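K.L.:
Test case, fold it:
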Amino acid sequence: MQQNEILLELIKMLLNQNQLKSNVNEYEGKYLIVRTYSAGVFAGEIISKNGKEIIMKNARRLWYWSGASSLSQLAMEGVKNPDECKFPCEVDKLELLEAIEILECTQKAKKSIKEVPVWKQ
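P.N.:
Numbering: from 1, shown residues only. Below is the predicted model:
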């Protein structure tokens, strides 16, 4: 590889790193719903994002919800029937490998999701 090619590759790597950092900063301090390809739907805070791979903290799996017709409505309005929802406990940290949708929650929706009783079997 010639010196110019090496320099170009280094510049590309730095740009990619900055883009990944800006993506994480975009979500910093926000409560989000993340839908994955096959693991389900989760609500919490993103602490790392690399392409489709996301690491979340204080995250709950949204296994079943009642009172919202879609994730979009859930992110905007929260749940209407919290006692009918099935949201297990929060986990401190989790890694999702195939994120396909990220929705920012309103404060109303965040409060609603967090107040759903922990579902256990």
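K.L.:
Show me the helices in this structure, by range?
P.N.:
For the chain, applying DSSP state H gives helices covering 3-27, 71-77, 107-115.
K.L.:
and the residue most central in space within the chain, what does it touch?
P.N.:
Geometric centre of the chain, nearest residue: residue 34, 3.6 Å, by C-alpha atoms, centre = their mean. Applying C-beta atoms under 8 Å, 6 or more residues apart in numbering to residue 34 gives the contacts 41, 42, 43, 44, 46, 54, 56, 96, 99, 101, 102, 103. For glycine as for every other residue, the C-beta is placed from the backbone atoms N, C-alpha and C.
K.L.:
where's the first one relative to residue 74, distance?
P.N.:
Read that as residue 41. Noted for residue 41: a distance of 9 Å to residue 74, by C-beta to C-beta, to the nearest Å.
K.L.:
So between those two, which is more surrounded?
P.N.:
When neighbours are counted by other C-beta atoms under 10 Å, residue 41 and residue 74 differ, and residue 74 comes out ahead with 24 against 19.
K.L.:
Not including adjacent chain positions, what is the nearest residue to the more buried one?
P.N.:
Among residues not flanking residue 74 along the chain, residue 68 sits closest, at 4.0 Å (C-beta to C-beta, 6 or more residues apart in numbering).
K.L.:
Identify the residues contacting the one you found.
P.N.:
74, 77, 78, 79, 80.
K.L.:
do the same with residue 57
P.N.:
44, 45, 47, 92, 93.
K.L.:
before we move on, back to that, overlap of the contact sets of residue 41 and residue 74?
P.N.:
With C-beta under 8 Å, 6+ apart as the test, residue 41 and residue 74 both reach 33, 62.
K.L.:
on that earlier part again, buried among the contacts of residue 68? Make that a PyMOL selection.
P.N.:
Selecting only the buried members of the contacts of residue 68 in PyMOL, with burial defined as 16 or more other C-beta atoms under 10 Å, works like this:
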select buried, resi 74+77+78+79
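K.L.:
Now residue 103. Nearest residue, chain neighbours left out?
P.N.:
The nearest residue in space to residue 103 (C-beta to C-beta, 6+ apart) is residue 75, at 4.0 Å.
K.L.:
Many thanks, we can stop here.
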